[in-house]
Structures are given as structure tokens and as C-alpha cells.
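J.: Predicted model, plus sequence, below.
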Amino acid sequence: QVQLVETGGGLVQVGASLRLSCTGSGRDFNRYFPMAWFRQFPGKEREFVGRISWNSGHIEIADSVKDRFTISRDIGVMYLKMSSLKSEDTAVYYCAAEARIFSPGSSRSADYTYWGQGTQVTVSS
């Protein structure tokens, strides 16, 4: 049993910054799981945003956002810091955890076993 809870979403203006958090808990949650952020636009598939391994030794950010987004983690919590937000960043943001301890993680959504409920980020111009 694993729970992933995202917080920090909301309505902001173009150019603003926002930090999302994802807290993992539950009997089967392991702090050695790699974790990732994905986002989903209406009517589209989930899109990879970034991933981070258990010890932050492997970090990957999608090319589309790597100059504006950073990913980090602490024990049981993963963060996504988003800066210079654009209207096209408006989406539901999901965190995910892969059930393979010490794995570097992946950019493929199919590799992730556990998902949060998502948090809406709306960037208004």
C-alpha cells in the first residue's frame, strides 16, 4: 500500500514560480524508490517532466522545461520547482514512484507503479 500526495498546485500568473511537493507514505512505500513528475494536458497522454533517483544521483528533466524546472527530493518527499511559468505549463501534475529500489528511474509512465491523484497548475496571462 502506497500513497503519494501532491500539494502546491494552484492558479498563478505568467512568469510566476511555484513549488510542488509529493509526499510518499504507506506500508509499501520505500524511500529508495525512484520518483518522477508527469503532467497531463486535456485530451493528451501524460507527459514526462522529470525524474530523480533515491539519492538524487540520477536526475533528468524534460528538454521542454529543463531551463525553468528543477527536481529535488528529501526523505519521503519529492519537489518540483517551476520558474518563469508559461500558460502552456497549465496541466494536471502527477507524481509517481517506481517499485524498484535503487533504480535510476525512467521517463516512461508505464514503468511507474504508484501514482498520486494529481494537482492542477493553472498559469494565467
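T.: That came through, no problem.

J.: What is the distance between stretch 102-118 and the centre of its chain?
T.: The chain centre lies 10 Å from the centre of stretch 102-118; the measure is Cα atoms, centre = their mean, to the nearest Å.

J.: Can I get that stretch in PDB, CA atoms only?
T.: Output of stretch 102-118 as PDB, limited to C-alpha atoms (Å, rounded to 0.1, in the frame of the first residue of the first chain):
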ATOM      1  CA  PHE A 102      17.900   1.800  -6.200                       C
ATOM      2  CA  SER A 103      16.700   2.100  -9.800                       C
ATOM      3  CA  PRO A 104      17.800   5.300 -11.600                       C
ATOM      4  CA  GLY A 105      14.200   5.800 -12.700                       C
ATOM      5  CA  SER A 106      12.700   6.200 -16.100                       C
ATOM      6  CA  SER A 107      10.900   8.700 -18.400                       C
ATOM      7  CA  ARG A 108       8.300   6.200 -19.300                       C
ATOM      8  CA  SER A 109       5.000   6.400 -17.400                       C
ATOM      9  CA  ALA A 110       4.500   2.700 -17.900                       C
ATOM     10  CA  ASP A 111       7.500   2.000 -15.600                       C
ATOM     11  CA  TYR A 112       5.800   3.600 -12.600                       C
ATOM     12  CA  THR A 113       3.700   1.600 -10.300                       C
ATOM     13  CA  TYR A 114       2.300   4.200  -7.900                       C
ATOM     14  CA  TRP A 115       0.700   7.500  -8.800                       C
ATOM     15  CA  GLY A 116      -0.700  10.500  -6.900                       C
ATOM     16  CA  GLN A 117      -4.100  11.900  -7.500                       C
ATOM     17  CA  GLY A 118      -2.600  14.900  -9.400                       C
END
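
J.: Any chance you could list what contacts that stretch?
T.: 2, 4-6, 22, 24, 29, 32-36, 38, 40, 45-46, 48, 51-54, 57-58, 60, 62, 92-99 (Cβ atoms under 8 Å, 6 or more residues apart in numbering). Where you see a C-beta, it was placed from the backbone N, CA and C, and this is true even at glycine.

J.: let's see 6 Å
T.: Outside stretch 102-118, the residues that touch it by Cβ atoms under 6 Å, 6 or more residues apart in numbering are 2, 4-6, 22, 32, 34, 36, 38, 46, 48, 51, 53, 58, 92, 94-99.
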